[in-house]
Structures are given as structure tokens and as C-alpha cells.
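In: prediction below, plus the sequence it came from.
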Amino acid sequence: MPSLLYCTKCKTYTMEKECKVCKSKTIEPKPPKYSPEDKFGDYRRQAKSSEYKEKGLL
């Protein structure tokens, strides 16, 4: 599940790993705020887990 990413060069938000406007690399802007009633926490943890498995960290 892709997350919202931020381009520091042209200051736009995208879901791509590379900005389509200026072709620079994007980063995650900030960590999400914690909420005990987080609706999407399970999905986010699954995505993070699968990402770590792909990189061989788990």
C-alpha cells in the first residue's frame, strides 16, 4: 500500500517514488500521528512488514 510522499525540490505531494514534475526522489513528509482509533493501522503495519520482508530485514 503506497503512502503519500513529498518532493522537497518542487514541494509537491505524490504517491510515486520519483516526482513526475522534476524527476527527483520523494520522501515521507512526517510520521503519521498516533491515534488509538486508527482505522488504517492494520493495513499500514502489513505494508511495512511486507516491505521489510522484500528487503530481507525480517
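Out: That came through, no problem. Keep in mind that this is a model prediction, so the values were computed, not measured.
In: list the contacts of Lys48.
Out: With contacts defined as CB atoms under 8 Å, 6 or more residues apart in numbering, Lys48 is in contact with no residue. Any C-beta I mention is one placed from the backbone N, CA and C, and that applies to glycine too.
In: can you tell me the SS state at it?
Out: helix (DSSP: H, G, I helix; E, B strand; the rest coil).
In: make residue 1 into 836 and carry on from there
Out: Fine by me, first position is 836 from now on; the one you just mentioned is Lys883.
In: kindly provide the distance from it to Tyr848.
Out: 20 Å (CB to CB, to the nearest Å).
In: any regions of this protein where pLDDT drops low?
Out: The chain contains residues with pLDDT under 70 at 836-837, 867.
In: and the helices in it?
Out: Assigned helices in the chain, in chain order: 876-890 (criterion: DSSP state H).
In: what segments of it are strands?
Out: For the chain, strands defined by DSSP state E occupy the ranges 840-841, 848-849.
In: tell me which of the ones you listed sits most buried.
Out: strand 840-841 (a mean of 16; mean count of other CB atoms under 10 Å).
In: mind giving me the packing neighbours of that one?
Out: strand 848-849 (3 or more CB pairs under 8 Å, 6 or more residues apart in numbering; DSSP states H and E).
In: against which helices or strands is the strand it packs on packed?
Out: strand 840-841.
In: quick one: contacts of the strand it packs on?
Out: Against strand 840-841 from outside (CB under 8 Å, 6+ apart): Thr847, Tyr848, Thr849, Met850, Glu851, Lys852, Thr861, Ile862, Glu863, Pro864.
In: ok, now with 10 Å
Out: Applying CB atoms under 10 Å, 6 or more residues apart in numbering, the contact partners of strand 840-841 are 847-854, 860-865.
In: buried members of those into ChimeraX, please.
Out: A single ChimeraX command selects the buried members of the contacts of strand 840-841 (16 or more other CB atoms under 10 Å):
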select :849,854,861
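In: the contacts of strand 840-841: which two are farthest apart?
Out: Farthest apart among those by CB to CB are Glu853 and Lys865. That separation is 20.0 Å.
In: and of the strands of the chain, who's closest to Leu893?
Out: strand 840-841 (22.6 Å).
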